[in-house]
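> model the structure of this input:
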Amino acid sequence: MTSQPNPTILLASASPRRRELLSLTGLRFTTAPADIDESVQPGETARAYTIRLSQEKAAAALPAARASGAVVLAADTTVADDDDILGKPADADEAHAMLVRLRGRAHQVITALTLIDSVTGQSVTDVATTEVWMRDYSSAEIEAYIASGDPFDKAGGYAIQNTAFHPAEVRSGCFSNVVGLPLCHLTRSLRALGITPPSDVPAACRSLGDDGCDLAGAILSGML
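Prediction:
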């Protein structure tokens, strides 16, 4: 359990989406992006890769957290198509190839969260997996979406919350996981450290069942 009743969270990420989602908890937080090698190791599964990166990001941010006694929060999100890991597209051609590959099919989005209390050293890692179904969008829609510039900082080359493109829907699991920070799993991990978020996150996200996560997704899709 944390030695502080209301510690500051140090978010080891530069993602504006993660900052926005974390702000819904009402917790005080600062950011300090972690710079690590994100290369996939030989034979590494998508789940193992995602967990390893979240833990390495948390470890990289820990020295900065110790100065203030903060709790580190690191996350890594991976888009997995069967056994293949789809990262952020490097250019328009790669974004096009990813979107064509995923079109009209299901894939998985995996986010691993790692929290470390810099005072006690206690750590928690949790993993959320969401099944996402991509709609059968047209080639013209793909080109317009790429031209918007939105795919290039997102794993898999898309943002589920993009209302103009509206690429996908969640079939099972947590909606906010696909955005980059599964609030339901974050709440569980925080409580394992003795931290209760002061705000509803929203309330449905406290349920770890699929129905709760889906309801939370309906709420969040109107907020992000």
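
> would you say residue 115 is within a helix?
No - secondary structure of residue 115 (DSSP: H, G, I helix; E, B strand; the rest coil): strand, not part of a helix.

> how about it, what does it touch?
Listed by CB atoms under 8 Å, 6 or more residues apart in numbering, the contact set of residue 115 reads 58, 71-74, 123-125, 189-190, 193. To be clear about C-beta, it is placed using only N, CA and C from the backbone, and glycine gets the same treatment.

> list the contacts of the residue located most distally from the centre of the chain.
For the chain, the residue at maximal distance from the C-alpha centroid (CA atoms, centre = their mean) is residue 140, at 28.5 Å. By CB under 8 Å, 6+ apart, no residues touch residue 140.

> likewise for residue 9?
Residue 9 neighbours (CB under 8 Å, 6+ apart): 22, 27-30, 70-73.

> of those, buried ones?
22, 27, 29, 70-73 (16 or more other CB atoms under 10 Å).

> now the residue lying closest to residue 35 once chain neighbours are set aside: how far from residue 76?
Closest residue to residue 35 apart from its sequence neighbours, by CB to CB, 6 or more residues apart in numbering: residue 60 at 6.9 Å. Separation of residue 60 from residue 76 (CB to CB, to the nearest Å): 12 Å.

> show me the helices in this protein, by range?
Secondary structure of the chain, counting by DSSP state H: helices at 16-23, 46-66, 92-102, 139-147, 175-179, 183-192, 210-221.

> how about TSV for those, with distance to residue 108 added?
Shown next, in TSV, are those (distance: least, CB to CB, whole Å):
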stretch	distance to residue 108
helix 16-23	19
helix 46-66	7
helix 92-102	11
helix 139-147	21
helix 175-179	10
helix 183-192	15
helix 210-221	14
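
> list just the one of those helices that sits closest to residue 8.
helix 46-66 (8.7 Å; CB to CB).

> would you put the C-alpha positions of the closest one in CSV?
Extracted in CSV, the C-alpha atoms of helix 46-66 (Å, rounded to 0.1, in the frame of the first residue of the first chain):
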residue,chain,number,x,y,z
ALA,A,46,2.2,-9.0,-28.6
ARG,A,47,1.1,-9.4,-25.0
ALA,A,48,4.7,-10.0,-23.7
TYR,A,49,6.0,-7.1,-25.8
THR,A,50,3.3,-4.7,-24.4
ILE,A,51,4.0,-5.8,-20.8
ARG,A,52,7.7,-5.4,-21.2
LEU,A,53,7.5,-1.9,-22.6
SER,A,54,5.1,-0.7,-19.9
GLN,A,55,7.5,-2.0,-17.3
GLU,A,56,10.6,-0.5,-19.0
LYS,A,57,8.9,2.8,-19.3
ALA,A,58,7.9,2.8,-15.7
ALA,A,59,11.5,1.9,-14.6
ALA,A,60,12.9,4.7,-16.8
ALA,A,61,10.6,7.3,-15.2
LEU,A,62,11.2,6.1,-11.6
PRO,A,63,14.3,8.3,-10.9
ALA,A,64,12.3,11.4,-11.7
ALA,A,65,9.4,10.2,-9.5
ARG,A,66,11.6,9.7,-6.5
